[in-house]
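1. Requesting a structural model of the entry that follows:
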Amino acid sequence: MAKKKKSFAATLNEQVSNEFAASQQYVAMAVYYDSETLPRLAAFFYRQAIEEREHAMMMIQYLLDVDEKVEVPDIKSQPTQYEDPITPVKEALAQEERVSSEIFGLFELARQVKDYRAEHFMQWFVKEQVEEVALMGDLLNVVERSKENLLLAEDYIAREGLGEEGADPTAPPPAGGAGG
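-> Numbers count the residues shown, from 1 in each chain. All right, here's what the predicted structure looks like:
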C-alpha cells in the first residue's frame with residue numbers, strides 16, 4: 001500500500017517547529033559567544049535567533065490566513081558549550097543548509113499539489129535561504145581564518161554590519177505583527 005503524502009499544511013507545521021528549533025539553537029550559540037566575551041558574535045547569533053523565530057511566525061500567519069490548523073511545538077534544550085569557537089558557526093552553516101533543503105521540499109510539495117498560494121508564499125523563503133547559506137559560509141571563512149585571534153572576526157562583523165540588513169519589505173507578515 002502506498003504511503004499517503006502529508007498535506008502542505010502538515011509539512012509547514014513541521015517547518016514551524018524546525019524554525020523555532022533553529023531560533024533556540026542560535027540563542028544557545030549566542031550565549032556561548034557571550035560567555036567567551038565575543039560580543040559581536042553573540043549579537044550576530046541573537047539577531048539570527050530573532051530572525052528564525054520571525055520565520056516561524058510568518059508560517060503561522062500563513063496557516064491562519066488559509067484557515068489551517070496551527071501546531072505550536074515543544075522546545076528542546078540546546079547545548080551552550082562548544083569544543084571551540086569555530087564549531088557553532090560550522091553547525092550554523094549545516095543548519096542553514098538543512099533548512100534550505102526543507103524549504104525547497106516545501107516549495108516542491110506546493111508545486112506538486114498545485115497549491116499556488118503556498119508556492120507563492122514559499123518563494124520568499126527560497127530567496128532568504130540563498131542569503132542565509134551565503135552569510136553563514138562567509139562567517140565560517142572569516143572565523144576559520146581568524147581562529148588564533150577571534151577579535152579579528154569581531155572586527156569583521158562590526159565593519160561589515162553582518163546580520164544588520166534591516167526589515168525586508170517583501171517578507172510575509174508574521175503572526176501578531178502589523179498587517180497579520
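
2. Would you mind finding the longest helix in this protein?
-> Secondary structure assigned by DSSP state H gives helix 116-145 as the longest helix of the chain.

3. how deep is residue 147 tucked in, by neighbour count?
-> The number of residues packed around residue 147, counting by other CB atoms under 10 Å, is 13. Where C-beta positions appear, they are placed from N, C-alpha and C, glycine not excepted.

4. where in the protein is pLDDT low?
-> For the chain, residues meeting the criterion pLDDT under 70 lie at 1-5, 178-180.

5. Mind listing what's buried along stretch 37-55?
-> 38, 40-49, 51-55 (16 or more other CB atoms under 10 Å).

6. oh sorry, the question was meant for stretch 108-127
-> Of the residues in stretch 108-127, 109, 110, 115, 118, 119, 121, 122, 124, 125 count as buried by neighbour count, 16+ other CB under 10 Å.

7. ok, now stretch 53-64?
-> Under the neighbour-count criterion of 16+ other CB under 10 Å, stretch 53-64 has 53, 54, 55, 56, 57, 58, 59, 60, 61, 62, 63 buried.

8. show me what contacts the residue most central in space within the chain?
-> Central residue of the chain (CA atoms, centre = their mean): residue 52, 4.0 Å from the mean position. Residue 52 makes contact with 19, 20, 22, 23, 26, according to CB atoms under 8 Å, 6 or more residues apart in numbering.

9. and if you look at residue 78?
-> 24, 25, 27, 28.

10. In three-state terms, label it for me.
-> coil (DSSP: H, G, I helix; E, B strand; the rest coil).

11. quick one on the thing from earlier: please name every helix or strand in contact with the longest helix of the chain.
-> Contacts defined by 3 or more CB pairs under 8 Å, 6 or more residues apart in numbering; DSSP states H and E place helix 116-145 against helix 39-65, helix 87-112, helix 151-160.

12. can you redo those as a markdown table with distance to residue 136?
-> As requested, those are exported to a markdown table (distance: least, CB to CB, whole Å):
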| stretch | distance to residue 136 |
| --- | --- |
| helix 39-65 | 9 |
| helix 87-112 | 4 |
| helix 151-160 | 13 |
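
13. Please identify which of those is closest to residue 170.
-> Comparison of the helices and strands packed on helix 116-145 against residue 170 by CB to CB identifies helix 39-65 as nearest, at 11.7 Å.

14. when you compare where the closest one runs with where helix 116-145 runs, what's the angle?
-> Orientation check (axes from the mean of the first three to the mean of the last three CA atoms, to 10 degrees): helix 39-65 against helix 116-145 gives 170 degrees.

15. and the angle for helix 39-65 with helix 151-160?
-> Compare the direction of helix 39-65 with that of helix 151-160 by the same axes, to 10 degrees and you get 50 degrees.

16. now helix 39-65: how far from the chain's centre is it?
-> 7 Å (CA atoms, centre = their mean, to the nearest Å).

17. what do you get for stretch 81-100?
-> Taking CA atoms, centre = their mean, one finds stretch 81-100 lying 12 Å from the centre of the chain it belongs to.
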